[in-house]
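Participant: structure, please.
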Amino acid sequence: MNQIVLNIIIAFLWVLFQDEDHFKFSTFFSGYLIGLIVIYT
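Facilitator: Take a look at the predicted model:
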């Protein structure tokens, strides 16, 4: 459960670091995948 929450936080941070004016689900999803890679490697 903690890993899922951490992954969502990583995804939100990824969206923030992209410097986009509006929230994009595709950016959030790519951040979520990066979070998965970070957590499981």
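Participant: against I34, how distant is L6?
Facilitator: Here L6 is placed at a distance of 12 Å from I34 (Cβ to Cβ, to the nearest Å). Backbone N, C-alpha and C define where each C-beta goes, glycine included.
Participant: swap that for K24, please
Facilitator: Taken as Cβ to Cβ, the span from K24 to I34 is 15 Å.
Participant: list the buried residues of stretch 23-34.
Facilitator: 27-28, 31-32 (16 or more other Cβ atoms under 10 Å).
Participant: narrow the residues you listed to those in helices?
Facilitator: Of the positions in those, 27-28, 31-32 sit in helices, assigned by DSSP state H.
Participant: just curious, which of these is nearest to M1?
Facilitator: The closest of those to M1 turns out to be Y32 (Cβ to Cβ; 15.7 Å).
Participant: so who does that closest one touch?
Facilitator: Residues near Y32 by Cβ atoms under 8 Å, 6 or more residues apart in numbering: 7-8, 10-11.
Participant: okay, those residues in CSV with pLDDT next?
Facilitator: Output for those, formatted as CSV (pLDDT from 0 to 100):
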residue, pLDDT
N7, 87
I8, 85
I10, 85
A11, 85
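Participant: so which of these would you say is closest to I39?
Facilitator: I39 has its nearest neighbour among the contacts of Y32 in N7, at 6.2 Å by Cβ to Cβ.
Participant: quickly note the distance from that closest one to L16.
Facilitator: Separation of N7 from L16 (Cβ to Cβ): 15 Å.
Participant: ok, the two, which is more surrounded?
Facilitator: N7 (19 against 12; other Cβ atoms under 10 Å).
Participant: any idea what sits nearest the more buried one, other than its immediate chain neighbours?
Facilitator: In space, and not counting its chain neighbours, N7 is closest to G35: 3.8 Å by Cβ to Cβ, 6 or more residues apart in numbering.
Participant: for burial, what's the neighbour tally of that neighbour?
Facilitator: Counted with other Cβ under 10 Å, the neighbours of G35 add up to 21.
Participant: which residue is nearest the centroid of this structure?
Facilitator: A11 (1.2 Å; Cα atoms, centre = their mean).
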